[in-house]
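A.B. asks: fold the stuff below for me.
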Amino acid sequence: MSEAPAGRVFDVSRGRVDDGPGLRTVVFLKGCPGRCPWCHNPEGVSFAPEIAFDATRCIGCGECVRACPRNARPGGPGRWQLDPPARSDASADWRSGCTACGRCVDACPSRARRLAGRVRQPEELVRELLVDADFFAGTGGGVTFSGGEPLAQPAFLFAAAAGLRRAGVHVAVETAGLFPLRLLDRLTREVDLVLWDLKHVDAARLRRTIGRDLRGPLTGLRRLSAGSTPHEIRVTLVPGFNDGDEDLAAMARWLRDGPRAPQVRLLAFHRMAAAKQAIFGRPYEYAGAAATPPARLAAARDLLEAEGIPVRGGKARAPSPAG
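C.D. replies: The predicted structure follows:
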């Protein structure tokens, strides 16, 4: 793995139970070519590092301002100031010209700032993940790579996955299929489980909404379903996009016409991304959308099962989406 390129990771979350079998650690990789307006992990969209700022934690001490390299050149371009007693978000232009070097994060005593996107070497990441090897072995768990779109950093992903599998760790990848189809064969060789995010089967509608032509991902899912690699299809019920009866019926027909009836896990739309977008200083198109009620999740399950699609999720408590 020493020759593999570094990758950019924005979070490592331990003790997860909804991202594959057993107890799992989820590694979230930066960068996604899609632009889903409801994205549950908006910090994973950009490939570049970003500063998350939680104004509710800010105590207005100004340490972030003093730590910023732009203030090392008094009066220079990009200089920003904090006017006491206002909080540090009072500076309207602090994000303009920010390189996300992380110095303000290190200086912040109240942890109001967080760096999303750190460069990691695959062998370094594997060593960190193997600390939990006993938990994986004892629960039948492992490591799941999510994002963002993990296959947007394929060399890093495959190098880390190979190191984990050599150590006997089960590896899963959560993907929306937003990658060149030439990578599919390697994906099925390098991982133990694929969790495939199916957004819709109407390619034209997907292009209008997401800004990407998803005929490629649909083709990739067909090929995956025809093979022997264990996989699970995940459908997040997005209000007004794919949660209607006609939308679900269309997806069910498309899945039923495939090489085999795949297992589907239904996931609820939630509102946590609205707070995430706020700490990155961005508007959120779905801020006013309501979380999926349990009754709608159960009705969606009934509809898919009536169409002959085996479903997980939707009976009691909706699983927490990873992305």
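A.B. asks: CA only for contacts and neighbour counts going forward, please
C.D. replies: Fine.
A.B. asks: give me the domain ranges for this structure.
C.D. replies: 7-48+132-312, 50-116 (automatic domain parsing).
A.B. asks: endpoint to endpoint, the shortest one covers what distance?
C.D. replies: So that's domain 50-116. One end of domain 50-116 to the other measures 5 Å (Cα to Cα, to the nearest Å).
A.B. asks: ditto for the longest one
C.D. replies: Here the two ends of domain 7-48+132-312 are set 33 Å apart, with distance taken as Cα to Cα.
A.B. asks: quick one, strands of the stretch 51-200 of the chain?
C.D. replies: 113-116, 118-120, 142-146, 170-175, 193-197 (DSSP state E, counting those that start in this stretch).
A.B. asks: beta-bridge partners for residue 174, please?
C.D. replies: Assessed by DSSP bridges, residue 174 has beta-bridge partners residue 195.
A.B. asks: wait, I meant residue 119
C.D. replies: residue 8.
A.B. asks: run a quick neighbour tally on it.
C.D. replies: 12 (other Cα atoms under 10 Å).
A.B. asks: then residue 307?
C.D. replies: With other Cα under 10 Å as criterion, residue 307 counts 16.
A.B. asks: please begin residue numbering at 52 from this point
C.D. replies: All set: I'll call the first residue 52, so the last point we hit is now residue 358.
A.B. asks: not counting its neighbours along the chain, what's nearest it?
C.D. replies: Once flanking residues are discounted, residue 358 sits nearest to residue 303: 6.3 Å by Cα to Cα, 6 or more residues apart in numbering.
A.B. asks: picking up where we left off before, just the strands of the stretch 102-251 of the chain: most buried one?
C.D. replies: strand 193-197 (a mean of 28; mean count of other Cα atoms under 10 Å).
A.B. asks: picking that back up, would a markdown table of the strands of the stretch 102-251 of the chain with mean pLDDT and distance to residue 89 be doable?
C.D. replies: Compiled in a markdown table, the strands of the stretch 102-251 of the chain are given as follows (pLDDT from 0 to 100; distance: least, Cα to Cα, whole Å):
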| stretch | mean pLDDT | distance to residue 89 |
| --- | --- | --- |
| strand 164-167 | 92 | 19 |
| strand 169-171 | 95 | 24 |
| strand 193-197 | 98 | 17 |
| strand 221-226 | 98 | 16 |
| strand 244-248 | 97 | 14 |
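A.B. asks: in JSON lines: those strands, plus distance to residue 56.
C.D. replies: As requested, these are exported to JSON lines (distance: least, Cα to Cα, whole Å):
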{"stretch": "strand 164-167", "distance to residue 56": "19"}
{"stretch": "strand 169-171", "distance to residue 56": "9"}
{"stretch": "strand 193-197", "distance to residue 56": "17"}
{"stretch": "strand 221-226", "distance to residue 56": "19"}
{"stretch": "strand 244-248", "distance to residue 56": "23"}
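A.B. asks: out of the domains of the chain, deepest packed?
C.D. replies: domain 58-99+183-363 (a mean of 19).
A.B. asks: returning to that earlier point: got phi/psi on the residue nearest to residue 358?
C.D. replies: phi -60, psi -40 (degrees, to the nearest 10).
A.B. asks: in which helix or strand does residue 284 reside?
C.D. replies: strand 282-288 (DSSP states H and E).
A.B. asks: quick one on the thing from earlier: and the domains of the chain: which comes nearest residue 175?
C.D. replies: Among these, domain 58-99+183-363 comes nearest to residue 175, with 9.1 Å by Cα to Cα.
A.B. asks: pairing partners for the strand holding residue 284, with directions?
C.D. replies: strand 244-248 (parallel), strand 315-319 (parallel).
A.B. asks: would you put the C-alpha positions of the first one in PDB?
C.D. replies: This means strand 244-248. What follows is strand 244-248, C-alpha atoms only, in PDB (Å, rounded to 0.1, in the frame of the first residue of the first chain):
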ATOM      1  CA  LEU A 244     -20.400  -6.300   0.300                       C
ATOM      2  CA  VAL A 245     -21.800  -3.500  -1.800                       C
ATOM      3  CA  LEU A 246     -24.500  -1.200  -0.500                       C
ATOM      4  CA  TRP A 247     -26.000   0.500  -3.500                       C
ATOM      5  CA  ASP A 248     -28.000   3.800  -3.200                       C
END
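A.B. asks: give me the contact list for it.
C.D. replies: 71, 222-228, 239, 272, 280-287 (Cα atoms under 8 Å, 6 or more residues apart in numbering).
A.B. asks: measure the residue nearest to residue 358 to residue 205 for me?
C.D. replies: 30 Å.
A.B. asks: pLDDT at residue 126, what is it?
C.D. replies: On the pLDDT scale, residue 126 is placed at 47.
A.B. asks: can you give me the helices for the stretch 102-251 of the chain?
C.D. replies: 114-118, 154-158, 173-180, 184-190, 205-217, 235-241 (DSSP state H, counting those that start in this stretch).
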